[in-house]
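# coords below, sequence missing:
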């Protein structure tokens, strides 16, 4: 389970992220802590040079850095550990950024079902659903977009 958020990195954000990480390592069972991570990706992106309309994902303006949170557990871990790992990600966003996970800018390759897909794709969401309807009207391929008839 991973979630990536785009943000301006402040000292406060970095310290809160490390605090979240430390809490995860020290207070959670090893079956979760050993499968969790915190990564900072600095200067990994820039504004779209050809405009927001040229990409399915209209990344946020001034998007430069990412904070990636990951939690998980061993395949043979109890189901409770899997549920707890998932909740740690959801709560982690609130702890670090002070906002609900649905209100954050998420990198599409890190989407989870608790993210706001419409917010991630912004003004392109409806167009992507139209394409999905045309290409895969029966939703045989699955994915984040549902055909318009769904």
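It's in. These figures come from a predicted structure and were not determined experimentally.
# which residues touch residue 149?
Taking C-beta atoms under 8 Å, 6 or more residues apart in numbering, we find residue 149 in contact with 133, 137. For the C-beta atoms, the positions are set from N, CA and C on the backbone; glycine is no exception.
# pLDDT wise, what is it at?
Residue 149 carries a pLDDT value of 77.
# quick one: it is in a strand?
No: secondary structure assignment (DSSP: H, G, I helix; E, B strand; the rest coil) places residue 149 in coil, not in a strand.
# Least confident secondary structure element in this structure?
Ranked by mean pLDDT, DSSP states H and E, the weakest helix or strand in the chain is strand 2-7, scoring a mean of 53.
# Assess the claim that residue 85 and residue 33 are in contact.
No: the criterion here is C-beta atoms under 8 Å, and residue 85 misses it with residue 33 at 9.7 Å.
# one step back: and after the least confident helix or strand of the chain, which helix or strand comes next?
Where DSSP states H and E defines the elements, the next helix or strand beyond strand 2-7 is helix 11-27.
# tally of neighbours for residue 130?
Other residues within reach of residue 130, judged by other C-beta atoms under 10 Å, total 13.
# do you know how far it is from residue 121?
As judged by C-beta to C-beta, to the nearest Å, residue 130 and residue 121 stand 12 Å apart.
# same thing with residue 69?
21 Å.
# more neighbours, the two?
Taking neighbours as other C-beta under 10 Å, residue 69 and residue 121 compare with residue 69 leading, 26 against 21.
# Just list whatever residues bridge to the more buried one.
For residue 69, the beta-bridge partners are residue 3, residue 38 (DSSP bridges).
# Could you measure from it over to residue 84?
14 Å.
# in stretch 143-150, what counts as buried?
145, 147 (16 or more other C-beta atoms under 10 Å).
# now swap in stretch 61-68 and tell me
Under 16+ other C-beta under 10 Å, the buried positions of stretch 61-68 are 63-68.
# cool, stretch 71-87 as well?
Neighbour counts over stretch 71-87 (16+ other C-beta under 10 Å) mark 71-73, 77, 81-82, 84-86 as buried.
# Residue 94 is in what secondary structure piece?
Here residue 94 is assigned to helix 79-97, by DSSP H and E.
# Who are the packing partners of that helix?
strand 2-7, helix 11-27, helix 30-33, strand 65-70 (3 or more C-beta pairs under 8 Å, 6 or more residues apart in numbering; DSSP states H and E).
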